Structures are given as structure tokens and as C-alpha cells.
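[1] Give me coordinates for this.
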Amino acid sequence: MQLYFIRHAQSENNVLFDRTGSNHGRSADPELTDLGYKQARVLADYLGRSQEVIDLNKSSDPQTGQDIRLTHLYTSLMVRAVATGNEISKTTGLILTGWPDLHELGGIYQNNPQTGIKEGLPGYAKVYLEQRFAGLILPSSVGEEGWWNQSHEGAQEGLARARRVYQEICARHGRSDDRVGLVSHGDFYQLFLSVLFDLKTVNSPFFEFNNAAISRIDLQENRVRVMYLNRIDYMPHQLIT
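    Sure thing, here's the model as predicted:
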């Protein structure tokens, strides 16, 4: 199995933090920016070209990016990820499947201005997501009360979730030639890689991921091969964030 991590395109919260260095005023579930939509379309076009021209029976240099011919596409249910995945789905023809466990660390929450406590929020409901993103497949666990509807998630809970995702990916696609795309988030990738390589540090970021960057890890029987991380050279320089 080839696993492709795809970070969502630029969100409103990304711009806020880059401008202020703070999360004060953040959105619990931010939209993509106009630049983010441009990034998502470039990403989708790049993956779409790969779908058309690559012969799976021929080997290719993983560093050229010409081996990306996805067979499955999953997304976090946070809007910035679904919007990014939706552009990929439209261009490649792949079915976009929602996977709640791919969400960013913390879940859907907002800081209480009086207490400073991070309070969990419901998240968008099934009808909203299906109406906005035609073709998105949602699991039965997503209902009209909102897909999150929990308290704020801590780091250790996030680590357990990343382990759960890894185990589920192996159960669904292990020992196959599947090429699986996961549209997700920067902090979640930190957690996932911590699980994958049995790293002990989970509180401090140690890998950089640009918006709309692609990372490839091959999960083979008894070994893990990192082919590349944070691939962004397909993106025009002026769009890189």
C-alpha cells in the first residue's frame, strides 16, 4: 500500500496565525481562503494529470511525483479538508469518503472568552455536508446533531486516535496495491508519524507540512518506507504557504 498524506489548502486560521502569531479570534471550523481554493485546484489538477498518464505496471521515480495514481480518497470532516478533497474528487473522479478520525488535534472547539477553557462544539451536521459537497460519502455515525459533539481532545487522546487510524488503514488496505490519499491536518500528521515510528515526543511539532503538500509513505509487510515528505514543488511559488 502507498499512503499519501495531503494537507488541506490554506485556511482562514492559517492566515490569522501567520499574521498575528496567535490563535485569538480563531474559527472553530475555518473555511479555505481564496488563495486556499487556488491551491486546492492546482493540487487537484496535478493529481488529475497523474491519474491520466501513469501506467501502474511501470515503475517510476518517487521523487518525480509521477507515481501518484490514487485508488482511494478519504477526508477529515473539517470544512477546510473537505473543500480540498472535494476539488481533488471533482478532477480525478475518485469518490470522496469522510473519515471523522482524520480531524485536527482538538476537534471542533472554541475558547471560552471568560474562562479560557476550550469548549467542544457540535460540528456540521450530515445534511449540511451532503448538500454543500455533492458526492461526499459519510459514515453512519454522522447525524443531524453534528459530527463532533464532544469535548476538546487532548494530546494523548489524539495519539490514541492516530493509532486507531493506522490500524484501520492497515485493516482496509494492508497487503494491497492500493494508493490511498488522506486529506487531513498538520498536527494530525505529527501524531500519525509519532505512532508510525514509535516516537515519544507528541507535544512539539517536528515535521513541517505546507498547505496542500503531499507526503508518501509505503506500508509494506514488516517495513515502512518514507518515500518523501512535504512535497510542494508542483505548486507555483507565489501560491506556496
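
[2] ok, residues contacting stretch 229-241?
    Under the criterion CB atoms under 8 Å, 6 or more residues apart in numbering, residues 10, 14, 18, 35, 38-39, 42-43, 46, 65, 207-216 lie in contact with stretch 229-241. Using the backbone N, CA and C atoms, a C-beta is placed for each residue, glycine as well.

[3] Off-centre distance for that stretch?
    Relative to the chain's own centre, stretch 229-241 is displaced by 16 Å; criterion: CA atoms, centre = their mean, to the nearest Å.

[4] Please enumerate the helices of this protein.
    All helices of the chain, identified by DSSP state H, fall at 12-20, 34-53, 79-92, 126-132, 155-173, 186-196.

[5] Show me where this protein dips below the pLDDT cut-off.
    The model of the chain has pLDDT under 70 over residues 51-67, 200-205.

[6] Just want the most central residue of it.
    Centroid check for the chain by CA atoms, centre = their mean gives residue 184 as the closest residue, at 1.1 Å.

[7] what's the neighbour count on the nearest residue to it once chain neighbours are set aside?
    Leaving out its chain neighbours, the residue that sits closest to residue 184 by CB to CB, 6 or more residues apart in numbering is residue 102, at 4.4 Å. Residue neighbour count, defined by other CB atoms under 10 Å, stands at 23 for residue 102.

[8] quick one: residue 102 from residue 183, how far?
    7 Å (CB to CB, to the nearest Å).

[9] what do these two both touch?
    74, 75, 76, 81.

[10] pretty sure residue 153 is touching residue 107, no?
    Yes. Counting by CB atoms under 8 Å, residue 153 sits close enough to residue 107 to count as a contact (4.6 Å).

[11] more neighbours, those two?
    Neighbours per residue (other CB under 10 Å) separate residue 153 from residue 107, with residue 107 holding more: 24 against 20.

[12] Contacts only, for that one.
    Here residue 107 is in contact with 120, 123, 148, 150, 152, 153 (CB under 8 Å, 6+ apart).

[13] Ramachandran angles for it?
    phi 80, psi -160 (degrees, to the nearest 10).

[14] cool, and residue 212?
    phi 70, psi 20.

[15] picking that back up, and which of the shared contacts of residue 102 and residue 183 is nearest to residue 199?
    Using CB to CB, residue 76 is the member of these that lies nearest residue 199, at 21.8 Å.

[16] For the closest one, which non-adjacent residue is spatially closest?
    In space, residue 76 is closest to residue 102, 3.9 Å off (CB to CB, 6+ apart).

[17] And that neighbour, how close does it get to residue 233?
    Counting by CB to CB, the gap from residue 102 to residue 233 is 25 Å.

[18] With that, I have no additional questions.
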